[in-house]
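*Asks:* Build me a model:
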Amino acid sequence: MKTLKDVDFFKYLISHKNNLRTFTLEIEDRDPNWMYGIHNHAEFVGYMNPHDNCLWDALIPGYKDKLEPTIQYKLKQIIGVFLLENGNHKIITKIFKSGYNSKVAKKQVHTYMKNYYNQHTLNHKWVQIHPF
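*Replies:* Numbers count the residues shown, from 1 in each chain. Model (predicted):
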């Protein structure tokens, strides 16, 4: 298990940008009250965020159906990062799975950020890295 602060984790991800398959995301069984508009939440297996003492959060937008909890997928691409003032940042991702829809993904991310802010009122910033 690696515990990496935000800057270190982001640098680590960037250093593996040509081989993102090395990262595994495990689908969470999350309470619907804490989904904020994206029903596929995951965690980066083996990488701890010291800001909340949990694995680094990944959101997987773009799928109409909820993915099965505890199933693992390989990381395909990072769409962007939802930066939060408390350090509990959300990495918006694509995985190697068919059925992805970029229009659905864009709408889900927009809804997520709006709902998350309305619930927590934290300062935040969206950083887009790749197109939806």
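*Asks:* Can you point out the buried residues in the lengthiest strand in the chain?
*Replies:* Longest strand in the chain by number of residues (criterion: DSSP state E): strand 72-84. Residues 73, 75, 76, 78, 79, 80, 81, 82, 83, 84 are the ones in strand 72-84 that count as buried (16 or more other Cβ atoms under 10 Å). From N, CA and C alone the C-beta is placed, and that goes for glycine too.
*Asks:* and of those residues, the nearest to residue 95?
*Replies:* The closest of the buried residues of strand 72-84 to residue 95 turns out to be residue 73 (Cβ to Cβ; 4.0 Å).
*Asks:* For the closest one, which residues are in contact?
*Replies:* Residues in contact with residue 73, defined by Cβ atoms under 8 Å, 6 or more residues apart in numbering, are 24, 25, 27, 42, 60, 67, 95, 96, 97.
*Asks:* Report the beta-bridge partners for the most centrally placed residue in the chain.
*Replies:* Most central in the chain under Cα atoms, centre = their mean is residue 58, positioned 2.2 Å from the mean C-alpha point. With DSSP bridges as the criterion, residue 58 is bridged to residue 42, residue 91.
*Asks:* Now that it has come up, it's in contact with residue 91, right?
*Replies:* Yes - Residue 58 is within contact range of residue 91, at 5.0 Å (criterion: Cβ atoms under 8 Å).
*Asks:* shared neighbours, the two?
*Replies:* residue 44.
*Asks:* Tell me where this structure has strands.
*Replies:* 2-3, 24-27, 41-49, 54-59, 72-84, 90-95, 124-128.
*Asks:* among those, which is nearest residue 112?
*Replies:* That would be, of the strands of the chain and by Cβ to Cβ, strand 54-59, which comes in at 6.7 Å.
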